[in-house]
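>>> Please find the sequence and the predicted model below.
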Amino acid sequence: MDFPFELLINAVIAGVLLGGFYIAVTVGISIAFGMLDIVNIAHPAFIILGSYLAYILNSRLGIDPVLVGLLMLPVFYALGAAVYQVYYLSFEKRGQEALRGLAFFFGILFITEVALILVFGVDYRYVEASYIGPAAHFAFIDLPYRMLIPCVLALAMFAALQLYLGRTFVGRAIMAVAQDQGALSLMAANPIRIKRIAFGISIATAAMAGAFLIIIQPVEPSVGREYIGRVFAICVLGGLGSLPGTVIGAMLLGIVESITATFYGPSWAPAVAFGFLLLTLAFRPAGILGR
Amino acid sequence: MQSRTFILAVLAVAAACFAAAQLVSNDYLFFAGYTVLQFIVLATAWNILGGYCGYVNFGSAAFFALGAYSTVFFHKTFQMPIPLLILVGGLVSGIVGLGMGYLTLRLRGSFFAIATLALAVVLQTLIVNWDYVGGSRGAYIIRPNTISIVGREVPYIEYLFFLMLALAVVAIITARTVERSRLGFGFATIRDDELAAEASGVPTLRLKLIATTLSGALMGMAGAPFPYYIGFLQPQSAFALDYAVNSIAMPMIGGTGSWIGPLVGAILLGTIQQVATVTISSAVNVLIVGVLLVAFVIIAPNGLVGLVQDLMRKKSR
């Protein structure tokens, strides 16, 4: 049998598109875990919440899911800031974030999932938009719009975040809080306020990622669990706290998962992320672009 | 209390439980009791790593399911009595715990937590794709109605209940022994300040590996009889997030400092859930657990045991 060259190319391209979506999913974790050292394992739950909001507004009012994501940005930002405030007062201030902080986020993850199951059931939900379904074709290459649009928008969101973090005072303060909180307070910036803003941004990205997720695939409440391994694998693979590393990690994982799914079947894809995570932890815990 | 008196006391309580259950002799009581006992083992096992060392394991369901699936595997390959299967399940989960710990515990503590969370997803993927143990369709294990022990026919559920009771006794005695030994003091130094412990010559990595292995093995042992209990094992039921949440919530709500916290938490939450499943619905009862977990970690960081201790301290003043 000939080597299925066209299949491989298509798998790689699908992987790049998937990787773009993974950037949107992971960038929030890169900020929370990589920069603020907050192990927010509930991040995927916020993404699923974003998906369900997109589903509700899309099915009731017919609003485009991407638009819902944009509308939800301030709401999720406020939600994130509020969660951080609770986290700070209950755990960080008392120095108990390692054990109880983790249990706290785990509880949030679980409550969100069960609450969504109670309200919506375990049926798959999906959104309707004109770009879900058709695809662009170049020669033998398929570019489905439902993958292309999230990928392009995710890259745009990433670029905006990168500019914000690099060019503004608050953005630079967020980068600084990752390195030395004490030094930051000497620069007349309140590290708690900076962290609250950063965590708010981190959760706000989940609103967009949730909208992208439900454009790409139908969503049910426990889908989020599959993403926990993925987002942390990408984050660790790229290098903690490095946003460019996140892009590399996301693309790499997207491509490898897509190839695995094409040649071995989609039921094996979730194991790929974990394999990556373990190999990275075993051989290069600092990640590709880690300091 | 001396260790010997403690062991005798635990055995006496266990014997009393078994005798009381025999007197009532209602099958439902054995089924419900088995679940509560299983949670006692899981919560105690979790606490050895989580409460004593301060390392969070989110993958309790994975270790539990490993034990359950090793039973399915050996049930199909060679017939073995359940006590032996429990040992095998413990061995398999203990080895996986050791491997996970070796790869992740050299790094910051949160990596271990994340890796255990991912482990559950990946093991589930492997099981779903492994047809020999039933794959995604699940596997049937026909439970005999009775088993003859020293010439007497005993209903099978009573036999399972007895085994789980024995496991709970083993888990509690292990936890208390560890707590009061050099090992336990080593664990406490890791929890309180790992850097300082390492600097004063505590072999932290080795101690952490002992804790993950022990904790994983106990969870696997709790899972090994599960296929016989449930009769039909599916990946979704073996890897249910409920196990992970419960085995964290129970010690957190009871109190993580000593062996008594997980025991109190497991009995309390386990009983509430059994009642809520019958009276309300099973989805609502897991929601209760989640809400209680979040409420307790925020309001009462030392759990019920901590609350009682605070109360007694205030009174004595």
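Happy to help now that I have it. If you're wondering where the values come from, they're calculated on a predicted model, not measured in any experiment. Residues are numbered from 1 along each chain as shown, chains lettered A, B, ... in the order given.

>>> Could you list the low-pLDDT ranges of the chain?
The chain I'm using is chain A. Chain A contains residues with pLDDT under 70 at A:1-3, A:96-97, A:290-291.

>>> look at chain B instead
Looking at chain B by pLDDT under 70, you get B:1, B:108, B:317.

>>> Longest helix in it, by number of residues?
helix B:27-53 (DSSP state H).

>>> Now the element after it, going C-ward?
Per DSSP states H and E, the first helix or strand lying C-terminal to helix B:27-53 is helix B:60-77.

>>> The next helix-or-strand element following that next one close to chain A?
The helix or strand immediately downstream of helix B:60-77 is helix B:82-104, counting by DSSP H and E. Yes: applying C-beta under 8 Å from any C-beta of the partner chain, one finds helix B:82-104 touching chain A at B:103-104. Glycine gets a C-beta too; all of them are placed from N, C-alpha and C.

>>> Could you export stretch A:39-59 as CSV, CA atoms only?
The C-alpha trace of stretch A:39-59 is given here as CSV (Å, rounded to 0.1, in the frame of the first residue of the first chain):
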residue,chain,number,x,y,z
VAL,A,39,-3.1,25.7,40.1
ASN,A,40,-6.6,26.4,38.7
ILE,A,41,-7.7,22.9,37.7
ALA,A,42,-11.2,24.3,37.4
HIS,A,43,-10.2,26.2,34.3
PRO,A,44,-11.8,23.6,31.9
ALA,A,45,-15.0,23.9,34.0
PHE,A,46,-15.1,27.6,33.2
ILE,A,47,-14.6,26.8,29.5
ILE,A,48,-17.6,24.4,29.6
LEU,A,49,-19.6,27.1,31.3
GLY,A,50,-18.7,29.5,28.5
SER,A,51,-19.8,26.8,26.0
TYR,A,52,-23.2,26.4,27.7
LEU,A,53,-23.7,30.2,27.8
ALA,A,54,-23.0,30.3,24.1
TYR,A,55,-25.5,27.4,23.6
ILE,A,56,-28.2,29.2,25.6
LEU,A,57,-27.8,32.6,24.0
ASN,A,58,-27.5,30.9,20.5
SER,A,59,-30.5,28.7,20.8
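
>>> right, quick check: that stretch against chain B, any contact?
Yes: part of stretch A:39-59 sits near chain B under the criterion C-beta under 8 Å from any C-beta, namely A:39, A:41.

>>> Mind listing what's buried along that stretch?
By neighbour count on 16 or more other C-beta atoms under 10 Å in any protein chain shown, the buried set for stretch A:39-59 is A:39-55, A:57-58.

>>> how about the nearest residue to B:Tyr52, chain neighbours excluded?
Nearest non-adjacent residue to B:Tyr52, counting by C-beta to C-beta, 6 or more residues apart in numbering or on different chains: B:Phe187, 4.0 Å away.

>>> Give me the secondary structure label for A:Pro270.
Using DSSP: H, G, I helix; E, B strand; the rest coil, the structure places A:Pro270 in helix.

>>> State the number of residues packed around it.
With neighbours defined by other C-beta atoms under 10 Å in any protein chain shown, the count for A:Pro270 comes to 22.

>>> what's the nearest residue to it if we skip its chain neighbours?
B:Thr125 (4.8 Å).

>>> got a list of what the residue nearest to B:Tyr52 touches?
For B:Phe187, the contacting residues are B:48, B:52-53, B:178, B:207, B:211, by C-beta atoms under 8 Å, 6 or more residues apart in numbering or on different chains.

>>> Dump those to TSV, plus neighbour count.
Below are the contacts of B:Phe187 laid out as TSV (neighbours: other C-beta atoms under 10 Å in any protein chain shown):
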residue	neighbour count
B:Ile48	31
B:Tyr52	26
B:Cys53	28
B:Val178	20
B:Leu207	22
B:Ala211	27
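
>>> Which one of these is nearest to chain A?
B:Cys53 (9.6 Å; C-beta to the nearest C-beta).

>>> count of neighbours near residue 176?
Went with chain A since none was named. Neighbours of A:Ala176 under the rule other C-beta under 10 Å: 17.

>>> hmm, I had chain B in mind actually
Using other C-beta under 10 Å: B:Arg176 sits among 20 other residues.

>>> Any chance of the backbone angles for it?
Main-chain torsions, B:Arg176, degrees, to the nearest 10: phi -70, psi -40.

>>> So A:Leu240 is in contact with A:Gly34, correct?
Yes: using C-beta atoms under 8 Å, A:Leu240 is in contact with A:Gly34, at 4.2 Å.

>>> Shouldn't A:Gly241 be within a helix?
No: A:Gly241: not assigned to a helix; according to three-state DSSP it is coil.

>>> What's the separation between the nearest residue to it once chain neighbours are set aside and chain B?
Leaving aside its chain neighbours, A:Gly241 sits nearest to A:Gly34 (3.6 Å; criterion: C-beta to C-beta, 6+ apart). Distance of A:Gly34 to chain B, given as C-beta to the nearest C-beta, to the nearest Å: 11 Å.

>>> residues in contact with A:Gly34?
A:178, A:235, A:239-242, A:246.
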